[in-house]
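In: Here is my input; please provide its structure:
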Amino acid sequence: MISLAGYQINNEIHKSNRTIVFRGTRLSDNCPVVIKYLSKEYPTSKELSDFTYEYKIMNKLSGEGIIKPYDIVKYGNSLAIIMEDIGGESIADAMKSTKLSITEKMLLSIQMTDSLLQVHKQNIIHKDVNPSNFIWNRKTNQVKIIDFGISTELASEDFQYTNTMNPDGTLEYMSPEQTGRINKPVDYRTDFYSLGITLYELFSGKLPFAGEDESEMVYYHIAKTPAPLYLVSPEIPKCLSDIVMKLISKSAEERYQSASGIKKDLEHCYQSLKSGTEISNFVPGKDDIIERFESPYKLFGREEEIEILVKKFEDASKGNCELVLVGGYPGIGKSSLINEIRKPITFRKGRFIYGKCEQRKCNTPYYGLRQAFQELVRQLLTEPQSSLDTWKQRLMDALGENGQLITDIIPDLEQIIGLQPHATELNPVESQNRIQMVFLEFIKVFAQKEHPLIIFLDDLQWCDAATINLIYYIFSMDTLQYALFVCAYRDNELQAGYRISQLFEKLRELNSCTELFLKPLDFTAVNDLVSETLHSPPDATKPLTELIIKKTNGNPFFTIKMLKSLYLQKAFTFIPEKGQWSFDLEKVRNAEISDNLIDLIIKGLESLSERTVNTLKLAACIGNQFDFRTLLLVKNDPESLLNKDLWTAINKEIIIPLDNNYRLIGSLSAEMYKDVPIRFSFTHERVRQAVYSLITDNDRAKMHLSIGYIYLKLFQKEKRTDLLYDLVNHLNIGRELIQNIKELIELSDLNIMAGSKAKKSTAFAAAENYFAIAQSLLSDELWAKTPRKYFKLLIDRANVALLSGNLTLSENLCIRLLDKAQSNIDKASISIIRVQIFEYQGKHKEAIDEVRRSLRLFDIHLPDNDQEIVQKIHEGIFKLKSYLKRITIDGLKNLPEMKDPEKIIIMQMVFQMVPAAYQSNPQLFVLISLMMFELTCEYGVSPLSCKCFTDCAIILGSLGEYETGYKLAEAAFSLLNRLKAEAFRASVCYGFTFTSYTRAHYSESLN
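Out: Residues are numbered from 1 along each chain as shown. Reported below is the predicted structural model:
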């Protein structure tokens, strides 16, 4: 038995996976108590904080219908909450143990509703209303509500992108919006749905839905309407049935809007039952009160677009891979439209993931996709170990030896598949092909017939180049099934993102995309929005709508903001007897409403304290999403003040929490925030832009520097390699303020590091940008002190400029590099890039001439006329046969590795000429192969030798020496495995097919 100092523990009354509840006695005054323990002997810091949060909420509440907390005490490594004991049992237990009369049930219903009313009056949403969370003492007839572990002080919660797999609450009683599977925030009306399910069970003796598994239960809550109570049990009055059915309406707007309205109707029904009279023409909710001013959570005027989106999702569910591009101005409703397909996705058991591109993160490779898949992986991590083992096997089968390429982009994946070995290094072009292929295979793991995958990328106009290339690759390959990509973009900002425009053109050529362009709402749609907000007939609101449209131009986000602003300026008055808001047109005309949405948002910030605005400015600098820990470290303010600022911003609808960890603010130590991220987002990108616009240029640079240096500390001390791009981006914005030479050198090095990482991820345009900034940060005098470092930076920059398609920049950098070259090897490295530039331009002769000039640096003469080439080929074949006789093919496999830097660069130069020679002069191609073979035999093997062996095997085959050629080609495979030269496996396999057919069955060539 558990013991606790100062208390006598009596009997256990409840046990769950998380807690154990006992009855006991407080020894100091013999007061009966209920003691709730965490069941784990060593709970995590988050579990302890969640428990502390529950006590904090209980402590804020008071009322006859709410259980009273006495204390929270330490118990071993855990905690215990001490609360009053009213000597009752849960209504769930009472329903099992006793047959209750309908009158008793009615009285219980009224008391439960009254308890909930008391909670709501104190601005708390319970979120777990069910029969187990009401305690009833039959003797005193007291009913009290308990269990506030997931309750919230927020007016609404919107975790639709982050908490869809494991929503808080008891599934059997959970509202459609609380499941996280539909496009609706969770507000106080979620409790009314749960109360409705509770009452349905109380009066009928059974739950309205009996799903076999979680997904079926979710489906029922979202889509299925149960049989009315009066049909299930004839003794139940029709008025009571109507009340319950209104409570369990799928849409929050169609439920009761206040607990007092529910209570009034239940009391009315009870009096009718007591007197034995029928209520004629009963209308549930007639005495309901609208407690808050808010616009409905629904779309207006987008029926056609919704139909198209749903059709595309259905096509994806049948095995297609679909792409829908949704364009429109900011605030026009792109995200809201896309979220409307959440319901059909749930019906099909689909997976919906979301990533948002950001303007200042367009140099971060795969930023939006990383966001989306990080969240999916976090959801998977909440599944049982057996499920994780299955996912691990699927992922390893798909990724093979290339897992590290994906864990570099999606770090949390490592928690499922473990630490991955380094992927084989390939040249940049092959690396790009490989990462696109591997990423596609990764996506296929989650896009399944049973669970179609929907990827929503928002603000595509700010998308990074790597993601753009990947999207094109996916749709050009046409091998992905059961997937729907939906990409929203601001068409008015495409000029700055020419890559996106090019992507759209390519996708149109492939006939791979459906395009939707959202226009401003027409008068009817805006009027419907206004009339439903004011709960007034559409005809009555037309004069108001005319004034609103003149300001907002039919922009729905602007319209909603304007309505809220008019409410705050007291242009609307609630008329209780009508249940409507009336409006004063003169006040509307005279209201201070800007024609500009940003100005309207800024106006709304004027009521905030200077400290709160400064906190929001810092958050806006971090990005659309930000976390509590970073703000805490940057501001260096007391946690309580920052907490207050954020709550103020939440209540003003400026920011929203991204998951339920926000409840832990104030309950964790500063160290613990590292393990429990508390993330927020601005309610809309336009809101963040409005806050950001308040910052002066100088202050903006200072703020970004502060954020960057905080990230740098975390990067260095906590090995947070995932922060590299973020810290460099922030420091780069504020780099003009850095005067200290050491700090400039450090930032230059960080940009080189970021550029190298981006290059490895094949984000060549981003890499070029980082390398360019690294170069610009230091003067020529400073670079002169580290010439090798400078040369490498320029050569890397020229390389990625070439690979990103900027041939002019690459050529200019090559010209500049010639002055910095300190050796023939340096000059040859430059030459290799220039050869590639010529090849990109189709200038094969110029490419060959460039190699010819560079080879002269090493006293190697490459003939320039056909007669001399043929002569050199004869000499080369003679040498080839001589080497094979002297060294033997087995000896070739065991030659030492090539170490001489000059010979290595010569091999690379000669190899770089292969495409141009093959296209323009096949005889020269033969000579190149023979030259590489000679270099290998004289100076040792390199990865390029593998390719050279298969080419020479083909030459031997053309001379009729099939057996020798076949063995030499086999030797290429042995060398390939010895050197782990995976970059050349494809070309070796291809070359092998030209010799294998002479000595083996065709099936061997295929293998």
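In: for the chain, what are the low-confidence residue spans?
Out: Within the chain, the segments meeting pLDDT under 70 span 1, 160-165, 495-497, 668-670, 1000-1007.
In: Domains in it, by residue range?
Out: 7-46+69-84, 89-275, 303-517, 523-593, 779-862, 865-1006 (automatic domain parsing).
In: how about CSV for those domains, with mean neighbour count and distance to residue 616 added?
Out: Every residue, glycine included, has its C-beta placed from N, CA and C. Below are these laid out as CSV (neighbours: other C-beta atoms under 10 Å; distance: least, C-beta to C-beta, whole Å):
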stretch, mean neighbour count, distance to residue 616
domain 7-46+69-84, 16, 27
domain 89-275, 20, 17
domain 303-517, 19, 17
domain 523-593, 17, 17
domain 779-862, 17, 36
domain 865-1006, 18, 49
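In: For residue 648, which of those domains is the nearest?
Out: Among these, domain 89-275 comes nearest to residue 648, with 12.5 Å by C-beta to C-beta.
In: pull the CA atoms of stretch 293-305 into CSV?
Out: This file holds the C-alpha atoms of stretch 293-305, laid out as CSV (Å, rounded to 0.1, in the frame of the first residue of the first chain):
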residue,chain,number,x,y,z
PHE,A,293,-18.6,37.4,-30.7
GLU,A,294,-17.0,35.3,-33.4
SER,A,295,-17.2,34.5,-37.1
PRO,A,296,-18.3,30.9,-38.1
TYR,A,297,-15.5,28.4,-38.8
LYS,A,298,-16.7,27.7,-42.3
LEU,A,299,-16.0,28.6,-45.9
PHE,A,300,-18.3,30.8,-48.0
GLY,A,301,-18.5,30.9,-51.8
ARG,A,302,-15.9,28.2,-52.5
GLU,A,303,-18.2,25.2,-53.3
GLU,A,304,-16.8,24.7,-56.8
GLU,A,305,-13.2,24.7,-55.6
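In: do you know which of the domains of the chain lies nearest residue 635?
Out: Nearest of the domains of the chain (C-beta to C-beta): domain 303-517, 19.9 Å.
In: Let me see the contact set for residue 873.
Out: 923, 926-927, 930 (C-beta atoms under 8 Å, 6 or more residues apart in numbering).
In: Break down the stretch 501-650 of the chain into its helices, ranges please.
Out: Taking DSSP state H, counting those that start in this stretch to define them, one finds helices in the stretch 501-650 of the chain at 523-534, 538-552, 556-568, 585-590, 597-605, 610-622, 628-635, 639-651.
In: Out of those helices, which is closest to residue 183?
Out: Per C-beta to C-beta, nearest to residue 183 of the helices of the stretch 501-650 of the chain: helix 556-568, 13.9 Å.
In: Can you work out which other helices and strands pack against that closest one?
Out: helix 523-534, helix 538-552, helix 597-605 (3 or more C-beta pairs under 8 Å, 6 or more residues apart in numbering; DSSP states H and E).
In: so which strand or helix has residue 47?
Out: Assigned by DSSP states H and E, residue 47 falls within helix 45-60.
In: re earlier: can you redo the helices of the stretch 501-650 of the chain as TSV with distance to residue 883?
Out: Formatted as TSV, the helices of the stretch 501-650 of the chain follow (distance: least, C-beta to C-beta, whole Å):
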stretch	distance to residue 883
helix 523-534	80
helix 538-552	81
helix 556-568	74
helix 585-590	93
helix 597-605	74
helix 610-622	63
helix 628-635	63
helix 639-651	73
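In: about what we covered before: mind putting the helices and strands packed on helix 556-568 into a markdown table with distance to residue 510?
Out: Below are the helices and strands packed on helix 556-568 laid out as a markdown table (distance: least, C-beta to C-beta, whole Å):
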| stretch | distance to residue 510 |
| --- | --- |
| helix 523-534 | 34 |
| helix 538-552 | 37 |
| helix 597-605 | 36 |
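In: List just the one of those that sits closest to residue 560.
Out: That would be helix 523-534 among the helices and strands packed on helix 556-568, by C-beta to C-beta, at 7.5 Å.
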